Structures are given as structure tokens and as C-alpha cells.
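[1] The following block contains a protein sequence and its predicted model.
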Amino acid sequence: MDMNLSFSVLTANIISILLIGTLYLANRQKAEYDRDMRLLQQMMAAIGIANISDCCVYYLAGSSNIVIKVLVFLSGSGLFLGNVMIGYLWAKFIMVHMNIPFSDIRRNIYRTIGLISIVLLVINIFYPLVFSVSDGRYQRGFAYIIFLIFAAFYILDSLYLYVKRVKKNGSLKLFPVHIFLIPVILGVVIQAFFVEIAITWTSIAISVAGIMTALKNEIIFTDCLTGLYNRVYLEFLHKRACNKKDCWVSGIMIDLNGFKQINDNYGHAEGDLALCIVADLLRKSFSEYGVVTRYAGDEFVIMLNTTDDQLIQKIIKSAKKNFVTENEKNDKPYQLSASMGYAITNLSNETIDDFMNRIDEQMYQDKMKY
């Protein structure tokens with residue numbers, strides 16, 4: 001056994017386990033109510049299993065003990081399945097965080113890839129297509145490339161979905177995907193050129209740590225009750241727009257009808273629940289075209305990357321229909337509805353306060369019809 005390689009494998013995996021272990025313990029409570037964090041914790045679990053599997057394969061592959069041989073085989077299978085799982089979880093994270101719909105076709109493709117991966121590993125028990133362990137040596141089979149292709153597909157598909165969403169939303173909502181991709185790509189490249197450096201899974205752990213840091217940075221822009229963006233984010237958008245010559249967008253002011261009565265008649269806890277229900281409705285209605293913010297109390301502001309009057313009116317009509325659908329399917333003793341008004345602005349030339357006043361006036365015209 002090469003002592004330098006042995007030390008490299010052990011050190012890299014220990015560092016990775018310590019990193020993700022610390023992150024996991026520091027954020028385990030948040031995962032109870034944060035869907036992004038739940039996905040990241042699943043990624044951390046996959047990385048941890050891969051780290052342990054990597055050590056088992058490297059240090060135990062030469063054993064003649066049947067139990068150890070089975071452990072090594074399972075560990076090797078875990079490494080290949082881990083590659084696919086990381087790609088899948090990352091793609092799912094991007095869809096959840098960016099509010100990208102998970103279409104039935106894409107869901108079926110993702111599931112098929114997972115099923116094929118498992119079938120290949122089962123076949124590998126009898127015919128070593130993916131990897132083999134013999135004479136104390138762990139060797140990859142010709143089918144191992146399939147797992148790399150699957151992992152690459154997930155990551156490339158997530159990048160495609162991200163770029164597509166950014167093109168539709170403009171610069172209203174961005175997420176630093178490069179923080180995940182750069183360490184992973186560097187790790188794979190370094191591993192390819194320097195076999196004695198076992199760095200792939202450590203680089204993935206670093207990527208996850210970077211994403212968690214990016215999420216922490218978003219907290220200042222997040223409303224703690226609904227998980228939507230807050231008023232501070234509108235100021236951030238305005239400051240960024242001031243650096244551009246033109247930044248034409250539209251804004252919709254939304255005010256819940258009869259929200260005070262919900263609080264008075266059913267309590268503030270029920271009022272908070274109603275706000276969360278509305279937040280989900282607004283995400284469903286508007287996230288494809290822009291960002292949803294909780295402006296104040298029961299007021300919400302939607303910033304859309306469009307100045308098309310017909311499209312805006314169509315989106316508003318669809319949103320109001322979603323309120324009706326929600327009222328029909330829930331068993332609440334009250335009805336949810338909202339007044340909406342919109343306007344178009346060049347954020348480079350108009351202050352947020354002035355723009356808010358304009359769309360507020362439009363919203364009150366709709367309010368008079370209630």
C-alpha cells in the first residue's frame with residue numbers, strides 16, 4: 001500500500017466528514033421547517049456515506065474475510081450510487097430554491113435514471129460491469145462511465161433550468177450556482193491528473209458548505225414567517241438597478257381582504273397560518289415571472305420581469321383564480337381573497353417608495369370593488 005496515497009485518502013475523507021458533520025449539527029433544527037436545508041442535509045448524508053465507503057474500499061479491499069468482502073462490495077456500490085444521488089439532490093435543490101416546477105416528464109426521467117443505476121449495481125453482483133474487487137484490488141468496469149454521465153446529466157439539467165429561469169426573471173432573483181460548481185469541477189479535474197490526491201468528495205463537501213453560506217446570506221432578505229423575500233430585498237433590487245442605464249420592470253401590490261377580521265375572530269395564530277397559505281399561493285402564481293415579497297403585515301409586492309400589460313393582467317387573473325381554488329378545497333371558516341394593483345417602472349429612475357405609492361393607489365382602486 002502506497003503510504004502517501006493512504007495518508008491522502010484518510011486525510012481528505014476525515015476533513016470532509018468533520019466539515020459536513022459540523023454543518024449538519026449546526027443546522028439540524030432549521031431543517032425541520034426549511035425545505036432547502038432538508039435537501040442539503042440529504043446531500044451531507046450522501047457525502048458522509050461516500051467518505052466512509054471510500055475508506056472501506058481503499059483500506060479493506062485486500063481482506064480475505066467474507067464479511068469484509070461484502071462490506072467492500074457494498075461500499076463500492078455506495079460510491080457509485082452516491083455520485084448519482086448528489087447530482088439528483090443538487091438538481092432538486094435548484095428547482096425548490098428557485099421555485100421551478102418539477103414537471104411529470106422530468107420527474108419520470110429522474111426516477112428512471114435512479115432505477116437504472118440500482119439495476120446496474122444489482123447486475124454488478126453477478127457480472128462486474130461497474131467495478132470489481134479481486135486479488136486485493138479495486139477496479140472500475142467499463143459501465144462506471146454511465147454513472148458519471150448520469151451525475152453530469154443532473155447537474156447540466158439543473159444549470160439549464162437555472163439559466164432558463166434567470167432569463168425569464170431577469171436579475172430579480174439570482175443564486176450563486178458557481179459556488180457549488182467550481183469546487184466540484186476543480187476537485188474532479190485535480191483527481192483526474194493527480195491520482196494520489198483523493199479530493200473529489202472533499203470538494204463536494206466544500207461546495208455544500210459554500211451553498212449553505214450563500215443561504216445564510218439570504219436570511220437578511222427573508223421574511224421569517226412566510227419564507228418570502230422582505231422589504232429589504234426591494235431596496236436591494238433598487239440599488240442594483242441604479243447601476244444600470246435602464247431596468248424596466250412591473251410591480252403588483254397585493255392586500256388581503258378582510259384579514260383584520262381573521263385575526264379578530266380566530267386569533268393571531270390562525271392569521272399567521274392564513275399568511276403562510278397566501279404566501280404559497282403567491283409563489284405558485286408569480287414565481288415563474290419574478291419574485292414575491294412580503295411588504296408589510298398582510299401586504300405583498302410582486303416584482304415581475306415584464307412590461308407586457310396583457311401578460312400582467314393574465315397573471316393577476318390566474319392568481320385570483322388560485323385564491324378561489326384554495327377556498328374551495330380547504331375547510332377554513334373564512335374566505336381568502338386579495339385586491340391587486342400594478343404599474344410599470346424604470347427602477348433606475350424611480351425610488352422604491354415612489355413606485356410603492358403608485359401601485360398602492362392602483363391596488364386601492366381594486367379594493368373599492370371588494
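    Received it, and whenever you're ready, just let me know what you need. Numbers count the residues shown, from 1 in each chain.
[2] Find the residue at the geometric middle of this structure.
    With distances taken as CA atoms, centre = their mean, the residue of the chain nearest its centroid is Phe93 (2.7 Å).
[3] And the helix or strand containing Ser250, what does it pack against?
    Ser250 is part of strand 248-256 when elements are defined by DSSP states H and E. Applying 3 or more CB pairs under 8 Å, 6 or more residues apart in numbering; DSSP states H and E, we find strand 248-256 packed against helix 268-286, strand 299-304, helix 309-329, strand 338-346, helix 352-367. Heads up, the C-betas are built off the backbone N, CA and C, glycines and all.
[4] care to break this protein down by domain?
    Here the domain parsing of the chain from automatic domain parsing is 3-220, 231-367.
[5] From Cys224, how far out is the closest residue to Pro333 other than its chain neighbours?
    With sequence-adjacent residues excluded and distances taken as CB to CB, 6 or more residues apart in numbering, Pro333 is closest to Tyr266, at 7.1 Å. Remark: distance between Tyr266 and Cys224 (CB to CB, to the nearest Å) = 21 Å.
[6] quick one: which of these two has more around it?
    With neighbours defined as other CB atoms under 10 Å, Tyr266 and Cys224 compare such that Tyr266 has more, 15 against 8.
[7] measure Thr345 to Phe355 for me?
    Distance, Thr345 to Phe355, by CB to CB: 5 Å.
[8] what is in contact with those two at once?
    Jointly contacting Thr345 and Phe355 under the rule CB atoms under 8 Å, 6 or more residues apart in numbering are Gly251.
[9] ok so, going back, kindly compare burial across the helices and strands packed on strand 248-256 and name the winner.
    strand 299-304 (a mean of 24; mean count of other CB atoms under 10 Å).
[10] where does the stretch 251-370 of the chain have low pLDDT?
    For the stretch 251-370 of the chain, no stretch has pLDDT under 70.
[11] what about 80?
    Counting by pLDDT under 80, the low-confidence segments of the stretch 251-370 of the chain come to 369-370.
[12] Regarding Ala296, what are the backbone dihedral angles?
    Note on Ala296: backbone dihedrals following degrees, to the nearest 10 are phi -170, psi 130.
[13] Spatially, which residue comes closest to it, not counting chain neighbours?
    Excluding the flanking residues, the one nearest Ala296 by CB to CB, 6+ apart is Arg231, at 6.8 Å.
[14] my read: that neighbour touches Phe300, true?
    No - Arg231 is beyond contact range of Phe300, at 10.6 Å (criterion: CB atoms under 8 Å).
[15] any residues in contact with both of the two?
    Common neighbours of Arg231 and Phe300 (CB under 8 Å, 6+ apart) are 293-294.
[16] which residues does the nearest residue to Lys369 once chain neighbours are set aside bridge with?
    In space, and not counting its chain neighbours, Lys369 is closest to Ser339: 7.7 Å by CB to CB, 6+ apart. For Ser339, the beta-bridge partners are Asp255 (DSSP bridges).
[17] isn't Ser339 right next to Asp255, touching?
    Yes - between Ser339 and Asp255 there is a contact under CB under 8 Å: 5.1 Å.
[18] what touches both of those two?
    The overlap between the contact sets of Ser339 and Asp255 (CB under 8 Å, 6+ apart) consists of 363, 367.
[19] For stretch 288-301, buried residues please.
    For stretch 288-301, a neighbour-count test (16 or more other CB atoms under 10 Å) marks 289-295, 298-301 as buried.
[20] Over to stretch 57-76?
    57-58, 60-61, 71-73, 75-76.
[21] Just the terminal-to-terminal distance for it.
    Stretch 57-76 has an end-to-end distance of 6 Å (CA to CA, to the nearest Å).
[22] if we look at that stretch, which residues are touching it?
    Residues external to stretch 57-76 that are found in contact with it (CB under 8 Å, 6+ apart): 6, 9, 52-54, 56, 79, 125, 131, 133, 136-138, 198.
[23] And for stretch 48-55?
    9-10, 13, 16-17, 20-21, 74-76, 78-79, 82, 198, 201.
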